Each structure stands twice: as C-alpha cells, then as structure tokens.
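[1] Here is a sequence together with a model predicted from it:
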Amino acid sequence: MSEPESEPVTGSVNGSVSQPSLRAERVTVGYGTHVVLSDLSLTLPRGRFTAVIGPNGCGKSTLVRTFARTLLPRSGEVLLDGVPLGRWKPKRIAQRVALLPQSPVVPDGVTVRSLVARGRHPYHSALRQWVPGDQEAIDVSMAATGVTDLAHESLTELSGGQRQRAWIAMVLAQDTDYVLLDEPTSFLDLAHQIDVLHLCQDIRDRGRTVVAVLHDLNQAARYADHVVVMREGQVAASGMPSDVITADLVRDVFSLECEIGPDPQAGTPMVVPLARS
Ligand SMILES: Nc1ncnc2c1ncn2[C@@H]1O[C@H](COP(=O)(O)OP(=O)(O)OP(=O)(O)O)[C@@H](O)[C@H]1O
Ligand SMILES: [Mg+2]
C-alpha cells in the first residue's frame, strides 16, 4: 500500500474511514534487551492538553518518543489517523506531530531565529527551501514564546530558560496538529513555567493537541485538562485531573504520602507531600 502523501483529514484502514487521531496500540518499546513499555495502549485525546506524569525512569520520554516515531516499537504500532506510522513518510509525520525532546542537542553557532526556522523543514524540499507561511509561522512562534528580541543571539550563549523557549518556538513553527513536549518547564523560573503552561493552553485553544511531560503534579492538575499517569512502563491511570490525582494514586505511583486539598485559586487537586511511604 502506498504511503499517505497529502494532509489526510481522515485516514483509511481496510476501507474504513477514521477521525484524525494518534493512538498507540499494544506497543512494546525498549532499548537493547531492556523493555520499557510493555503492551501499552493509549489514545492521545484530540484537542486536549494532556499532562504525562510519573516517577523518573517510568517511561514518559520513551512514550512520547514512540508517538513521534523517534523510537520504533518492537511490537504493536502507533496509528496516526488510523494509519500505522510506519506507512507514513517521515516528512508527513513531521507535518502532523512535533516533539520537543527532553534534552535536545544544541547545534553549534545557530541563532534563535535559524533554530526556529528549522521547524519549517518538513514543508521544504531540495528545490524549495521556502514556502508561503514560513515567515508568519516563525514570527508568531517567536512572539508566543517571548524570544523575538533574542532572534539574532547564538543559542549557546543563552540562559537555560531562554534556550528552552527557543526550542519550544521551533516546535510551534512546525505547525502540527500534535505538539509533544518532554519536560518543557524544566530549567525555567516559576514565571516562565507558568508562561509555558499558559502557552500550552493557548495552543490547545487554537485546536491543536498538546501533550507535555511534567513533574509538578499541582501544575499538571491546574493547567492540563487530561492526565496520563505512568508507572513502570504502564499507564497506571488517566482521565480528568480531579478524578485521577488522589492521595492513593500518589502513594501507589510515587511511594509518597500526601494530603490533597483544593488549589485555592483553581479548585484543582493540590498535593501537599508528607513522608515517603
Ligand atoms: N537511550 C537509552 N538507552 C538505554 N536505556 C534507556 C535509554 N533511554 C532511557 N532508557 C531507560 O529506559 C527507562 C525509561 O526511561 P525514560 O527516559 O523513558 O524515563 P522517564 O520517565 O522519561 O524518566 P525521567 O523522568 O527521568 O525523564 C529507564 O530505565 C532508562 O534508564
Ligand atoms: Mg524523561
């Protein structure tokens, strides 16, 4: 069967038409002999802001990398619009799904603007290094992440937080339906963390699907509208933050006793950690 070429509003498998979607179907993923995700199935709810939470090493990065096909499952498959990612051209996947990795490698001597412009590569070809829409996508993404004034700065000379915002701008410029961000708030001061979380809500409100790996449960509960909790390569729970984030769950997943009260501003669950269980 030929690979999907053009923007499919709908995908087609075995003649049946499906809605735009991104779903992992019984994927097993690992490194060498180490299996990390085992027989995991998960649909990323479309048009939502999903926070992926869970302890260090539980497989969060492995999961988002699998959804972006930077890691290939050993068995099972990820379906984009119902079509296995393996049947999509890599460039077409990159027009639909963007991933900001947890530790992106900083290219030498690259300015902020040229980094953000890299987000447009999936739309270019050998003969066409510019397409209408590039300029606007780059400008809008830089403005949204507050890096316009840093456009001509070299990435290596920025603070960790400034650099993180430049990476997020690059991912936004990719202009995809699915925006996957692996720990986008790491290295940011609290004000810039909140800016990024508002930005995630903003992106969702413009109709895109946002998935962010977060460590701060209170931020996840307050800003995301869906949470996926991972434990040892499995989805331990998923759903609305107020349904999912409970003292029992925090004990089970993080081995931590806690009290949970309402966030005084948003009313969402607010975790007050006590002792390790
Ligand atoms: N490139 C790799 N090669 C070998 N093992 C890896 C690699 N990346 C991750 N792992 C292992 O896979 C498991 C899951 O790692 P992963 O990075 O997905 O966890 P995580 O939930 O994102 O953790 P963190 O919160 O620390 O970022 C860990 O045991 C880790 O050591
Ligand atoms: Mg990780």
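    Everything's here; your move. Since the model is a prediction, treat every value here as computed from it, not as a measurement. Numbers count the residues shown, from 1 in each chain. Ligands and ions are numbered 1, 2, ... in the order given.

[2] Please count neighbours and contacts with C-alpha atoms only from this point.
    Will do.

[3] residues from the stretch 1-150 of the chain in reach of ligand 1?
    Within the stretch 1-150 of the chain, the positions near ligand 1 by Cα under 6 Å from any ligand atom are 31, 36, 55-62.

[4] As a check, name the ranges of all strands in the stretch 1-150 of the chain.
    Applying DSSP state E, counting those that start in this stretch to the stretch 1-150 of the chain gives strands spanning 11-13, 16-18, 22-31, 34-43, 49-53, 75-80, 83-84, 97-100.

[5] Next, format those as JSON lines and append mean pLDDT and mean neighbour count.
    Output for these, formatted as JSON lines (pLDDT from 0 to 100; neighbours: other Cα atoms under 10 Å):
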{"stretch": "strand 11-13", "mean pLDDT": "44", "mean neighbour count": "15"}
{"stretch": "strand 16-18", "mean pLDDT": "50", "mean neighbour count": "12"}
{"stretch": "strand 22-31", "mean pLDDT": "97", "mean neighbour count": "20"}
{"stretch": "strand 34-43", "mean pLDDT": "97", "mean neighbour count": "16"}
{"stretch": "strand 49-53", "mean pLDDT": "98", "mean neighbour count": "28"}
{"stretch": "strand 75-80", "mean pLDDT": "97", "mean neighbour count": "21"}
{"stretch": "strand 83-84", "mean pLDDT": "96", "mean neighbour count": "20"}
{"stretch": "strand 97-100", "mean pLDDT": "98", "mean neighbour count": "24"}
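
[6] now these in a markdown table, with distance to residue 161?
    Formatted as a markdown table, the strands of the stretch 1-150 of the chain follow (distance: least, Cα to Cα, whole Å):
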| stretch | distance to residue 161 |
| --- | --- |
| strand 11-13 | 38 |
| strand 16-18 | 40 |
| strand 22-31 | 30 |
| strand 34-43 | 30 |
| strand 49-53 | 20 |
| strand 75-80 | 32 |
| strand 83-84 | 36 |
| strand 97-100 | 14 |
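
[7] Relative to residue 270, which of those is closest?
    For the strands of the stretch 1-150 of the chain, proximity to residue 270 was assessed by Cα to Cα; strand 49-53 is nearest, at 14.6 Å.

[8] which residues are in contact with that closest one?
    Contact with strand 49-53 is made by 44, 60, 200-201, 204, 209-215, 217, 220, 224-230, as judged by Cα atoms under 8 Å, 6 or more residues apart in numbering.

[9] Sweet, I'm off.
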